[in-house]
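Novice: Predicted structure and sequence below. I'll ask about it afterward.
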Amino acid sequence: MFLLLSILLFALVLMIPAISTIREVGWPRDEGRLRIPEGYERDPRWFGRSYREKLAGFVAAARGDASYQADLKLRTNEETRWAPDLTIPPQERLRGIEVGERVRVGHGAGIRDAYALQSLDVERDVVARTLTSDGGMHVGPAVNILRWIDADGEIVVDAGANLGVSASGGTRVTLAHGVRFERVWGKPVTSRTGTTAPFPLVERKRATLIDATAVESGKPIIIYGPVRIASGTNIRSDIKVHGPLDVESGVRIAGNVIARGDVTFASDVAVEGDIFSERDVWLGPACRVGRHDGTKTVYAAGHVTIADDVEVEGWVVAEGGGQTR
């Protein structure tokens with residue numbers, strides 16, 4: 001009898017840490033709206049704007065001259081050159097900062113910084129530290145950015161380019177196939193990759209299936225374990241998944257999407273809120289995140305993979321690196 005009582009007491013001690021978890025699974029208290037504070041937002045174009053401020057004095061002195069040169073004290077002394085129509089020859093290797101109204105960087109060149117007041121055209125295989133434009137910007141195939149790019153106008157990025165740690169545009173940012181990135185900001189960020197086949201969804205054991213009959217109430221959906229949302233389902237609330245989330249084609253979600261595992265959209269999925277994943281995010285063809293009158297975020301602690309004709313109104317952040325395909 002004493003032995004049995006000791007075993008029961010020992011088992012009870014082992015169960016004490018799990019009591020709160022068991023209670024949450026059976027009688028969830030985390031049922032309120034999934035509030036995501038959006039009052040504070042760091043300037044997504046801080047790199048470019050602060051860089052322009054540092055060069056404002058040089059531009060004011062140089063503009064109007066056929067050529068101009070001066071040393072600027074930034075983090076180090078930078079030899080800075082100006083020409084209204086500035087062309088850097090192919091395969092050229094330059095130190096310092098190149099500034100002009102219209103700037104063209106020839107293929108295979110290696111430069112530090114280029115700043116254009118009207119338009120910036122960078123040909124294939126260029127290596128650059130930073131690129132800045134007060135107008136539009138074209139980034140050619142296989143260009144390698146070591147730090148960041150920023151443009152007031154539209155940015156068009158060709159196949160195979162590497163955008164460094166940050167790419168930001170005042171309007172549309174369009175990414176071709178095989179573009180690598182960490183953080184991209186645009187209104188919107190779009191993709192033109194040619195990959196139109198839906199992303200495959202994993203068949204997971206014991207996955208919870210959500211269809212139209214499960215979401216009529218509009219209450220936030222909170223589920224433990226793998227979740228699959230059936231094609232054509234219209235969710236009028238936030239959804240939080242303590243596991244991976246697989247979404248079939250044609251689904252509409254009015255709220256935010258939060259997942260402890262991978263988030264995979266097959267194709268033609270629209271989310272009006274934000275997407276946060278503690279692992280990877282896969283956005284299949286024709287997916288949409290956010291609305292034109294709002295700013296939203298796709299965030300992955302792992303990787304972000306983007307197929308053709310995707311639009312995100314705001315941030316795409318991939319801590320583990322992102323790529324179009």
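Specialist: Now that the structure is in, tell me what you want to look at. Numbering: from 1, shown residues only.
Novice: Name the helix or strand of this protein that has the lowest mean pLDDT.
Specialist: Lowest by mean pLDDT, DSSP states H and E among the helices and strands of the chain is helix 19-26, with a mean of 53.
Novice: Confirm that residue 111 sits in a strand.
Specialist: Yes. Checked against DSSP: H, G, I helix; E, B strand; the rest coil, residue 111 lies within a strand.
Novice: give me the beta-bridge partners of it?
Specialist: Note on residue 111: beta-bridge partners by DSSP bridges are residue 128.
Novice: That one contacts residue 128, doesn't it?
Specialist: Yes. Using CB atoms under 8 Å, residue 111 makes contact with residue 128 at a distance of 5.1 Å. Where you see a C-beta, it was placed from the backbone N, CA and C, and this is true even at glycine.
Novice: Please enumerate the shared neighbours of the two.
Specialist: residue 105 (CB atoms under 8 Å, 6 or more residues apart in numbering).
Novice: As a check, name the ranges of all strands in the stretch 101-250 of the chain.
Specialist: Under the criterion DSSP state E, counting those that start in this stretch, the stretch 101-250 of the chain contains strands at 110-122, 127-133, 136-139, 144-151, 155-157, 166-169, 173-175, 180-191, 208-210, 221-224, 227-229, 234-235, 239-242, 245-247.
Novice: mind putting those strands in JSON lines, distance to residue 97 included?
Specialist: Formatted as JSON lines, the strands of the stretch 101-250 of the chain follow (distance: least, CB to CB, whole Å):
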{"stretch": "strand 110-122", "distance to residue 97": "4"}
{"stretch": "strand 127-133", "distance to residue 97": "9"}
{"stretch": "strand 136-139", "distance to residue 97": "16"}
{"stretch": "strand 144-151", "distance to residue 97": "13"}
{"stretch": "strand 155-157", "distance to residue 97": "20"}
{"stretch": "strand 166-169", "distance to residue 97": "18"}
{"stretch": "strand 173-175", "distance to residue 97": "23"}
{"stretch": "strand 180-191", "distance to residue 97": "23"}
{"stretch": "strand 208-210", "distance to residue 97": "54"}
{"stretch": "strand 221-224", "distance to residue 97": "52"}
{"stretch": "strand 227-229", "distance to residue 97": "50"}
{"stretch": "strand 234-235", "distance to residue 97": "50"}
{"stretch": "strand 239-242", "distance to residue 97": "47"}
{"stretch": "strand 245-247", "distance to residue 97": "46"}
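Novice: need those in CSV with distance to residue 315 and mean pLDDT, can you?
Specialist: Shown next, in CSV, are these (distance: least, CB to CB, whole Å; pLDDT from 0 to 100):
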stretch, distance to residue 315, mean pLDDT
strand 110-122, 23, 98
strand 127-133, 20, 98
strand 136-139, 19, 98
strand 144-151, 14, 98
strand 155-157, 15, 98
strand 166-169, 9, 98
strand 173-175, 11, 98
strand 180-191, 6, 97
strand 208-210, 26, 94
strand 221-224, 24, 94
strand 227-229, 23, 97
strand 234-235, 22, 93
strand 239-242, 20, 96
strand 245-247, 19, 98
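Novice: I'd like to know which elements whichever helix or strand residue 100 is part of is packed against.
Specialist: Assigned by DSSP states H and E, residue 100 belongs to strand 97-105. With contacts taken as 3 or more CB pairs under 8 Å, 6 or more residues apart in numbering; DSSP states H and E, strand 97-105 sits against helix 46-62, strand 77-82, strand 85-88, strand 110-122.
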